[in-house]
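Visitor: Pasted the sequence and its predicted model underneath.
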Amino acid sequence: MRVLVLAKEDHQTQAAKPPTPEAMAEFQKFNEELVKAGVVIGDGRLYPSSQGKRMRFDGKKRTVIDGPFAETKELVAGYWLWQVRSMDEALEWLKRSPFDAGTYEIRQIMEFEGM
Amino acid sequence: MEAIWRIESARLIAGLARVVGDIGTAEELAQDALVAALEQWPISGVPEKPGAWLMGTARHHAIDLLRRRQTLQRKHEEIGRDIQQAQEDTGPASAIDGDGGDDLLGLIFMACHPVLSKDARVALTLRVLGGLTTEEIARGFLTPVSTIAQRIVRAKRTLTEAHARFEVPDGAERAARLPSVLEVIYLIFNEGYSATAGEDLVRPALCEEALRLGRILAELIPTEAEVHGLVALMEIQASRLRSRVGPSGEPVLLLDQDRAHWDRLLISRGLTALERAEGLAGAMGPYALQAAIAACHARAATAAETDWPRIVALYDAVAQLAPSPVVELNRAVAVGMAFGPAAGLDLVDALVQEPALKAYHLLPAVRGELLRKLGRSEEARAEFERAASLTQNVVERKLLLRRAAECTAERMAG
């Protein structure tokens, strides 16, 4: 099955405390391990919400809202697409990550039976 | 626990196989470590590095085992040194943190050793590299559990008797042994691919397993073009998994599929893998060529936009590399699409006498399709009926008989 792993970060800490080179290296090592295990099938890191836009729908009306978004907590900062056999396997992989802050959300992607 | 086993088992068995030299013992040691974990972790809690814990435990067992056997004193010392070395290199807690890639590669080549039969290679690979249970493999291959269990036991014995060495072959040796590995992965993929919707989900899961193995292999030996070729082929084929069966379980032919349902992510992964294969030196191998053909379909936004002349050229290349009547038949279909049904029919007619295709239902099916396009409905109907009588597949037979009926209707109308 396929899962989407959403990295949610605290907006303020993210701005105040950019990752150290060591933390980056550790993350890269972890990511590489995932790739080598055939788990990662897609990934991306997002620019800060100050460069993002939102569109709100209300009937026929469309409202564009410029970033940065008002929330300061749990803004999506990046994502992974993983191919795993079970939610447990995804959890087990995530446990091994070097992260020491933030919230990571694992959501199963709906698929047709068989894939 | 199952998830941890799934993540760690292949590397664990690979690391142990390097030390003890055979897959059977390595797997037993790994299983023993798993049993120990099942006993201890509920009490002591899951260790921070479960993989390192399992490896440490298994290596202790390995030493005990070899001590008890009192065999090969020299080998024993080697292992002692090896463990010491590993601990000095990485520290005791992270013995498994190292790459382990070479061990894994060694295990892949051993499980796919050419002394083993195809069936044995497939079963052993799924067992030691996929971490699948014997029951899961049996369900995947619609084979009794006892048969698979025996196959695995026999495979291990064969490897021991043949003194198969745990090694990562290089150069000419690798070139000679790689096809056997790729064949196993593609067989696993096809076993899953041929399953239809609603069947036991273990079968389609074989596609994912094969893709995972292919992706791992592509990371381990990124310089082998055919590995990328195989990955490309599987990614692109898998992109159509959900469109190739209709709502009532009937197969939907490639050109009739709803392309909006093709998996864009897998297609783009497949095209990237194909580029990688094409970027490496040397002529394209059979997998890369098949992937290139699959890519022609994947790139076309509609069936009508398919680059058929290019597909013909690619089939020419396949036919040169691995000539077979089935390839010729596929080529004839492409020629029919690229240069008109009459040109295709000429080629198919030349294959009618081919003994290998005598009972092959797709020959009359293709011939029927071409005749129908040429307006020769009566002949087309006869061919579809012949094709229907040759296939074992009930759903396919229904489809062919429907075509035959359509031909009759066309003749009445015409």
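Guide: It's in. Not measured: the values here are computed from a predicted model.
Visitor: And the strands in chain A?
Guide: With DSSP state E as the criterion, chain A has strands at A:2-9, A:40-45, A:53-58, A:61-66, A:75-83, A:103-108.
Visitor: Switch the ones you listed over to TSV; also include mean pLDDT, distance to chain B and mean neighbour count.
Guide: Placement of C-beta: from N, CA and C, glycine included. Below are the strands of chain A laid out as TSV (pLDDT from 0 to 100; distance: least, C-beta to the nearest C-beta, whole Å; neighbours: other C-beta atoms under 10 Å in any protein chain shown):
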stretch	mean pLDDT	distance to chain B	mean neighbour count
strand A:2-9	93	9	19
strand A:40-45	93	6	14
strand A:53-58	95	23	9
strand A:61-66	94	25	9
strand A:75-83	93	6	18
strand A:103-108	95	12	14
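Visitor: Kindly reformat these as CSV containing distance to B:T160.
Guide: CSV is the format used below for the strands of chain A (distance: least, C-beta to C-beta, whole Å):
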stretch, distance to B:T160
strand A:2-9, 39
strand A:40-45, 36
strand A:53-58, 64
strand A:61-66, 68
strand A:75-83, 34
strand A:103-108, 42
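Visitor: Of all those, which one is nearest B:A343?
Guide: strand A:40-45 (40.7 Å; C-beta to C-beta).
Visitor: residue contacts, A:Q83?
Guide: The contact partners of A:Q83, by C-beta atoms under 8 Å, 6 or more residues apart in numbering or on different chains, come to A:1-2, A:38-39, A:41, B:208, B:211-212.
Visitor: cool, and B:P179?
Guide: B:E226.
Visitor: can you give me the offset of whichever strand or helix holds it from its chain's centre?
Guide: Using DSSP states H and E, B:P179 sits in helix B:171-193. Relative to its chain's centre, helix B:171-193 lies at 7 Å (C-alpha atoms, centre = their mean, to the nearest Å).
Visitor: Nearest to B:A409, out of the strands of chain A?
Guide: Closest approach to B:A409 among those (C-beta to C-beta): strand A:2-9, 43.6 Å.
Visitor: What residues does chain B have near chain A?
Guide: B:2-4, B:6-7, B:101, B:195, B:197-198, B:201, B:204-205, B:207-208, B:211-216, B:219-220, B:238, B:241-242, B:245, B:263, B:265, B:269 (C-beta under 8 Å from any C-beta of the partner chain).
Visitor: so who does residue 111 touch?
Guide: No chain in the question, so chain A it is. Per C-beta under 8 Å, 6+ apart, neighbours of A:E111: A:1-2, B:242.
Visitor: I was thinking of chain B, sorry if that wasn't clear
Guide: If you count contacts by C-beta under 8 Å, 6+ apart, B:A111 has them with B:23, B:121, B:124-125, B:128-129, B:184.
Visitor: mind redoing it with 7 Å?
Guide: Contact analysis of B:A111 by C-beta atoms under 7 Å, 6 or more residues apart in numbering or on different chains lists B:23, B:121, B:124-125, B:128-129.
Visitor: ok, those vs A:R45, which is closest?
Guide: Sorting these by how near they are to A:R45, with C-beta to C-beta, puts B:L129 at the top with 31.2 Å.
Visitor: Can you list which of the contacts of B:A111 are found in strands?
Guide: Secondary structure assignment (DSSP E) places none of the contacts of B:A111 within strands.
Visitor: TSV please, covering these and showing distance to A:K29, pLDDT and neighbour count.
Guide: Output for these, formatted as TSV (distance: C-beta to C-beta, whole Å; pLDDT from 0 to 100; neighbours: other C-beta atoms under 10 Å in any protein chain shown):
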residue	distance to A:K29	pLDDT	neighbour count
B:I23	29	92	26
B:R121	33	96	24
B:L124	31	96	27
B:T125	28	96	27
B:V128	26	94	27
B:L129	23	93	25
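Visitor: re earlier: could you point out which element follows the helix holding B:P179?
Guide: Downstream of helix B:171-193, the next assigned helix or strand under DSSP H and E is helix B:202-220.
Visitor: List the contacts of the next helix or strand after that next one.
Guide: Next helix or strand after helix B:202-220 toward the C-terminus (DSSP H and E): helix B:225-238. By C-beta under 7 Å, 6+ apart, the surrounding residues in contact with helix B:225-238 are A:115, B:178, B:182, B:185-186, B:189, B:193, B:207, B:210-211, B:214-215, B:217-218, B:221, B:266-267, B:269-270, B:273-274, B:276-277, B:280, B:282, B:285, B:287-288, B:290-291, B:294-295, B:298.
Visitor: for B:A291, phi and psi?
Guide: Dihedral pair for B:A291: phi -60, psi -40, per degrees, to the nearest 10.
Visitor: State the number of residues packed around it.
Guide: For B:A291, the neighbour count with other C-beta atoms under 10 Å in any protein chain shown is 30.
Visitor: Same check on B:L126?
Guide: By other C-beta under 10 Å, neighbour count at B:L126 equals 27.
Visitor: Check the gap between B:A281 and B:M110 for me.
Guide: According to C-beta to C-beta, to the nearest Å, B:A281 and B:M110 sit 28 Å apart.
Visitor: who has more neighbours, the two?
Guide: B:M110 (25 against 6).
Visitor: show me the contacts for the more buried one.
Guide: If you count contacts by C-beta under 7 Å, 6+ apart, B:M110 has them with B:17, B:23, B:159, B:164, B:166.
Visitor: What does the pLDDT read for residue 13?
Guide: In the absence of a named chain, chain A is used. Note on A:T13: pLDDT of 53.
Visitor: Chain B, not that one
Guide: pLDDT, B:I13: 94.
Visitor: quick one: it is in a helix?
Guide: Yes. The assignment for B:I13 by DSSP: H, G, I helix; E, B strand; the rest coil puts it in a helix.
Visitor: So it is in contact with B:T25, correct?
Guide: No. Shown here, B:I13 and B:T25 do not form a contact pair, counting by C-beta atoms under 7 Å, at 10.0 Å.
Visitor: on that earlier part again, identify the farthest-apart pair in the contacts of A:Q83.
Guide: Counting by C-beta to C-beta, the most remote pair of those is A:M1 and A:G38, 13.9 Å apart.
Visitor: quick one, which of the two is more surrounded?
Guide: Neighbour count, other C-beta under 10 Å: between A:M1 and A:G38, A:G38 has more, with 22 against 18.
Visitor: ok, so what distance separates that one from B:E379?
Guide: Per C-beta to C-beta, A:G38 is found 49 Å from B:E379.
Visitor: so what's the closest residue to chain A within the stretch 1-150 of chain B up against?
Guide: Closest residue of the stretch 1-150 of chain B to chain A, C-beta to the nearest C-beta: B:A3 (3.8 Å). By C-beta under 7 Å, 6+ apart, B:A3 lies in contact with A:86, A:88-89, A:92.
Visitor: contacting residues around stretch A:39-52?
Guide: Residues from elsewhere that reach stretch A:39-52, judged by C-beta under 7 Å, 6+ apart: A:34, A:67-69, A:75-84, A:93, B:265, B:269.
Visitor: swap that for stretch B:369-382, sorry
Guide: B:336, B:341-342, B:344-345, B:348, B:368, B:383, B:404, B:407-408, B:410-411, B:414.
Visitor: Great, nothing more from me.
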